[in-house]
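# I would like the atomic coordinates for the input below:
(one chain, ligands or ions: 1)
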Amino acid sequence: MHDSFSAELVRLLVISLVILFFGLLSGVWWLPILIGLGGYIIWHLRQMYHMEEWLHGISRNEQDLRGIWQYTASRMRKISNRGRQRKKRLSRLLHRFYDTLEAMPDAAVILKGDLRVQWFNVAAMELLGLDVDARRKERRIQNLVDHPAFVNWIEEGVYDTPLEMPAPADLSRQLQIRLVSFGNQQSLLLAHDVTELKRVEAVRRDFIADVSHELRTPLTVVVGYMEMLSEEKLPEDIHQALLSSRRQAERMQSIVADLLMLSRLEMNEDQVAQAETVDVPALLTGLVEDARRLSGEMAHALSLHADESLGLLGDESQLGSAFGNLIFNAIRHTPAGTPVDVFWSHDGEGARLVVADQGPGIAPEHLQRLTERFYRVDKSRSRERGGTGLGLSIVRHVLRRHDALIEISSTPGEGSRFVCLFPAQRVVTLSL
Ligand code: ADP
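A predicted model of the protein is given here:
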């Protein structure tokens with residue numbers, strides 16, 4: 001029990017004792033009760049009046065209040081002060097949050113659940129072309145950023161992959177846009193200027209393409225002369241040196257060819273492959289023949305199981321390169337005699353290519369990185385077997401252009417399985 005409440009009880013006790021005393025003294029009971037309790041009630045009514053004034057802020061003085069009323073008022077003041085301080089702290093935090101967003105070089109737009117603009121920073125005005133009106137009228141973001149790619153992206157509502165598009169306010173600048181949800185159905189749209197990054201990437205790509213292109217002709221000449229020379233009668237040691245140099249020069253030729261292919265694929269990364277009808281079973285038959293030649297004396301047990309009526313809409317030379325890389329890998333990275341199966345079949349509405357081998361497999365920690373450029377589990381082994389380290393990277397790019405996906409699974413000691421999944425709109429039925 002609190003002190004002020006005990007004091008109130010004591011006060012009531014004293015009044016009752018006084019009433020009892022005067023009641024005994026006078027022999028008239030009702031009069032002291034009336035005076036005592038009446039006075040007590042009037043006192044409380046007065047305190048209530050002061051309390052009401054205090055609450056309305058007319059008289060700020062808490063001193064007019066007494067007893068439990070004073071205690072209640074002082075508790076209320078403390079609670080209200082604490083609330084005010086908390087509000088101030090929150091508003092300071094909110095200001096700091098907005099100041100941080102304002103200082104960012106990236107455009108930041110806070111959106112409500114229905115994608116109406118709630119707030120944005122200065123960079124959003126510069127990069128996305130938003131104006132003060134947009135905030136005042138709380139307009140929808142897709143009605144403000146006028147670019148078809150942006151409108152599609154927002155309407156599809158899948159924000160896992162960022163969108164790249166030219167800045168609406170300055171078409172020479174390239175933006176990367178992300179959308180993240182936070183709080184109570186709000187989201188933050190961020191637009192980062194990637195113009196410089198794109199320029200550096202283009203310089204790197206052009207450089208690789210130019211170097212590969214420049215190397216191609218001299219290499220062809222070198223390999224040509226070596227071929228000619230190796231047919232001549234030469235001392236055995238020189239003949240061997242020549243053969244080894246020719247192998248290395250041919251390896252360089254394959255690296256240059258793969259680099260050129262990759263830079264061509266990267267050049268217009270988002271461009272979809274052209275839609276000519278590709279006779280996939282015939283393409284695979286040719287590739288399996290090539291793989292048999294590559295295997296040679298190693299005699300891998302290659303078999304092809306293809307649905308003869310199943311074709312694809314796409315670029316034949318790109319698909320040939322991707323499928324070839326998967327099939328030749330199954331020869332290159334497995335020991336002699338290993339069974340290698342190639343399946344080409346329907347997959348629901350779509351189609352799937354499976355290249356499965358029973359080779360040594362790949363440890364799980366490598367699987368994620370296999371399609372990176374020059375990523376090889378065992379560099380020297382791959383080189384020895386004529387690999388360039390670019391094969392799976394080419395596969396990934398070709399599949400992306402054909403709206404397809406690659407799935408790699410492998411169990412060390414049991415083998416690997418590379419699956420390419422093509423969507424229904426790429427599938428055609430071949431006339432037999
Ligand atoms: P490479 O030219 O070295 O074959 P890729 O990009 O085609 O380059 O493949 C990357 C790496 O993935 C290879 O170096 C090899 O370590 C591994 N790999 C690819 N296919 C297989 C396979 N069928 N079995 C085992 N390892 C494989």
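# Test for you: state the pLDDT assigned to Ile58.
Note for Ile58: predicted pLDDT of 68.
# Strands of the stretch 1-150 of the chain, start to end?
107-111, 117-120 (DSSP state E, counting those that start in this stretch).
# list the contacts for the closest residue to Leu219 other than its chain neighbours?
Distances taken as C-beta to C-beta, 6 or more residues apart in numbering place Gln253 nearest to Leu219, at 5.1 Å, with adjacent residues excluded. Heads up, the C-betas are built off the backbone N, CA and C, glycines and all. Each residue near Gln253 by C-beta atoms under 8 Å, 6 or more residues apart in numbering is listed here: Arg216, Leu219, Thr220, Val223.
# From the residues you listed, pick the one nearest Ser321.
For the contacts of Gln253, the residue nearest Ser321 by C-beta to C-beta is Arg216; the value is 16.5 Å.
# Which strand runs longest in the chain?
Counting by DSSP state E, the longest strand found in the chain is strand 170-182.
# List the neighbouring strands of that one plus their orientation.
Strand pairing for strand 170-182, using DSSP bridges, gives strand 163-167 (antiparallel), strand 186-193 (antiparallel).
# hey, which of those is tucked in deepest?
Counting by mean count of other C-beta atoms under 10 Å, strand 186-193 has the highest mean neighbour count of the strands paired with strand 170-182, with a mean of 19.
# Show me what the mean pLDDT comes to for the helix or strand just after it.
Using DSSP states H and E, the helix or strand that follows strand 186-193 in sequence is helix 195-230. When pLDDT is averaged over helix 195-230, the result is 91.
# got it, and stretch 409-422?
Per-residue scores along stretch 409-422 average to 96.
# How about it and the ligand, touching?
Yes - counting by C-beta under 6 Å from any ligand atom, the ligand is contacted by stretch 409-422 at Ser416.
# on that earlier part again, what's next to the longest strand of the chain, contact-wise?
Residues from elsewhere that reach strand 170-182 (C-beta under 8 Å, 6+ apart): 107, 111, 126-128, 150, 153-154, 159, 162-167, 187-195, 198.
# Mind exporting the C-alpha coordinates of it to CSV?
What follows is strand 170-182, C-alpha atoms only, in CSV (Å, rounded to 0.1, in the frame of the first residue of the first chain):
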residue,chain,number,x,y,z
ASP,A,170,18.8,11.3,-67.7
LEU,A,171,18.8,8.5,-70.2
SER,A,172,22.6,8.4,-70.3
ARG,A,173,22.7,7.1,-66.8
GLN,A,174,22.0,3.4,-65.9
LEU,A,175,20.2,2.5,-62.7
GLN,A,176,20.0,-0.6,-60.7
ILE,A,177,16.7,-0.7,-58.7
ARG,A,178,15.8,-2.8,-55.7
LEU,A,179,12.7,-3.0,-53.6
VAL,A,180,12.7,-4.2,-50.0
SER,A,181,9.8,-4.5,-47.6
PHE,A,182,10.0,-3.3,-44.0
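# could you check the angle strand 107-111 makes with it?
Computed by axes from the mean of the first three to the mean of the last three C-alpha atoms, to 10 degrees, the angle separating strand 170-182 from strand 107-111 equals 40 degrees.
# Tell me how far strand 170-182 lies from the chain's centre.
Here the centre of strand 170-182 is set off from its chain's centre by 14 Å, with C-alpha atoms, centre = their mean, to the nearest Å.
# residues from the chain in reach of the ligand?
Contacts of the chain with the ligand, taken as C-beta under 6 Å from any ligand atom, map to 325, 329-330, 332-334, 357, 359, 362, 370, 375-378, 382, 387-393, 416.
# List the buried residues in the longest strand of the chain.
Arg173, Gln174, Leu175, Gln176, Ile177, Leu179 (16 or more other C-beta atoms under 10 Å).
# now do stretch 399-419
Result for stretch 399-419 [16+ other C-beta under 10 Å]: buried residues 399-404, 406, 408, 410, 415-419.
# Name the nearest of those relative to the ligand.
Here the nearest of the buried residues of stretch 399-419 to the ligand, counting by C-beta to the nearest ligand atom, is Ser416; it sits at 4.3 Å.
# That closest one: what secondary structure?
Under DSSP: H, G, I helix; E, B strand; the rest coil, the three-state class of Ser416 is strand.
# Show me the beta-bridge partners of it.
Judged by DSSP bridges, the bridge partners of Ser416 are Asp357, Ser410.
# Tell me how far it lies from Ile362.
For Ser416, the distance to Ile362 (C-beta to C-beta, to the nearest Å) stands at 6 Å.
# now do Phe207
32 Å.
# Comparing those two, which residue is more hemmed in?
Taking other C-beta atoms under 10 Å, Phe207 and Ile362 do not tie; Ile362 has more neighbours (18 against 11).
# Would you agree the more buried one falls within a helix?
No - the assignment for Ile362, made by three-state DSSP, is coil rather than a helix.
# ok so, going back, want to throw the buried residues of strand 170-182 into a markdown table with pLDDT and distance to Leu94?
Formatted as a markdown table, these follow (pLDDT from 0 to 100; distance: C-beta to C-beta, whole Å):
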| residue | pLDDT | distance to Leu94 |
| --- | --- | --- |
| Arg173 | 93 | 31 |
| Gln174 | 94 | 32 |
| Leu175 | 96 | 27 |
| Gln176 | 96 | 27 |
| Ile177 | 96 | 25 |
| Leu179 | 95 | 22 |
